[in-house]
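Participant: turn this into a model:
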Amino acid sequence: MPADRPPPVHVVAAVLRDARGRILLARRTAGRDLAGAWEFPGGKVEPGETALQALDRELHEELGIRVLAAEPLISVPQAYPAKRIVLDVYTVTAFEGTPRGRERQALAWSPLEKLSSYPMPPADRPVVAALTTPGRYLISADAPERAPFLARLDRALAAGVRRVQLRARGLSAPALAELARDAGQRCRTRGADLLVNGEPGLAADLGLGLHLRSSQLMSLDRRPLPVGQTVAASCHNAEELAQAERLELDFVVLGPVRATESHPEATPLGWEGFSALREGVSLPIYALGGMKTADLAKARRHGGQGVAGIRGLWPR
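Facilitator: Purely as a prediction, here's the structure:
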């Protein structure tokens, strides 16, 4: 870290659920940064405190409750104009007391599917993604054969996979459309999200998501599909991440984090490089490059939404 760059402020926040599964949000009061925005309750870690001690203290001061048990959800590095933070978010699995606004802040219990409708600080957007979207993003090999691919897709969906990219650059346009149609039907039946790596028109015609190559991403001046139809992109640097955020894409993959067989010439970012790039945007980001399911927790410790991969994530 450069000598003139101050360390990030360590902040903790909680995901609290009621008996109906709704999640508690608190509104930032007048006079604070981002006043009026909704956030997950929490605050700064004071010197000498652990993150969990700070979480318990902040929730007692703000809401009048005590934390009995909590587990890590995601850690989000985020840069703001005047400061940098690291937001450690915990799912509180047991607490004592009834939450109430002790600092005159408004509270709201939100259903999971409505969280994204609340205006929030940039650091909270990846938290919403961690709660509402899949942690694994499976990617097909180029030009997959139809029958083996569909059989493999069926196994992945049966194993709980809920987000898949069909990358079939070696197929003709009619063959890709047929495969995407069949794969899309399978995914819809299982409540999964299928994105086609190809032209926006195909995704629009089939009602599927779209995954943009980085060259496609940088050539666009607007989001290619309407909100509600998922659009993602592959990113490798800060410029591409900034473009994805300008276009208001739903998520991106960033890598390679590790060296890969598919791109041996690419210089790996490493987890520190991934985290540093993640800090500059508030998009949900999947880590790509040498990832396995076991890397999900590490990805979330570095601000990632989850892990993406061609080889390491598909069920055997």
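Participant: what's the longest helix along the chain packed up against?
Facilitator: The longest helix of the chain (DSSP state H) is helix 173-189. If contacts are counted by 3 or more CB pairs under 8 Å, 6 or more residues apart in numbering; DSSP states H and E, helix 173-189 sits against helix 146-158, strand 163-167, strand 193-197, helix 200-206. All C-beta spots, glycine's among them, are computed from the backbone N, C-alpha and C.
Participant: and the ones you listed as JSON lines, adding mean pLDDT, distance to A173 and mean neighbour count?
Facilitator: Formatted as JSON lines, the helices and strands packed on helix 173-189 follow (pLDDT from 0 to 100; distance: least, CB to CB, whole Å; neighbours: other CB atoms under 10 Å):
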{"stretch": "helix 146-158", "mean pLDDT": "93", "distance to A173": "15", "mean neighbour count": "15"}
{"stretch": "strand 163-167", "mean pLDDT": "96", "distance to A173": "13", "mean neighbour count": "24"}
{"stretch": "strand 193-197", "mean pLDDT": "97", "distance to A173": "11", "mean neighbour count": "23"}
{"stretch": "helix 200-206", "mean pLDDT": "95", "distance to A173": "8", "mean neighbour count": "16"}
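Participant: could I get the ones you listed in a markdown table, plus columns for distance to L73?
Facilitator: Listed next are the helices and strands packed on helix 173-189 as a markdown table, based on distance: least, CB to CB, whole Å:
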| stretch | distance to L73 |
| --- | --- |
| helix 146-158 | 24 |
| strand 163-167 | 18 |
| strand 193-197 | 21 |
| helix 200-206 | 31 |
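Participant: to A108, which of the ones you listed lies closest?
Facilitator: Nearest to A108 among those is strand 193-197; the distance by CB to CB comes to 27.1 Å.
Participant: from the chain's centre, how far out does that closest one sit?
Facilitator: 16 Å (CA atoms, centre = their mean, to the nearest Å).
Participant: hey, C-alpha coordinates of that strand in CSV?
Facilitator: Coordinates of each C-alpha in strand 193-197 appear next as CSV, following Å, rounded to 0.1, in the frame of the first residue of the first chain:
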residue,chain,number,x,y,z
ASP,A,193,-30.6,-18.6,-15.4
LEU,A,194,-29.1,-19.4,-18.8
LEU,A,195,-27.0,-16.8,-20.6
VAL,A,196,-25.9,-17.1,-24.2
ASN,A,197,-22.4,-15.9,-25.1
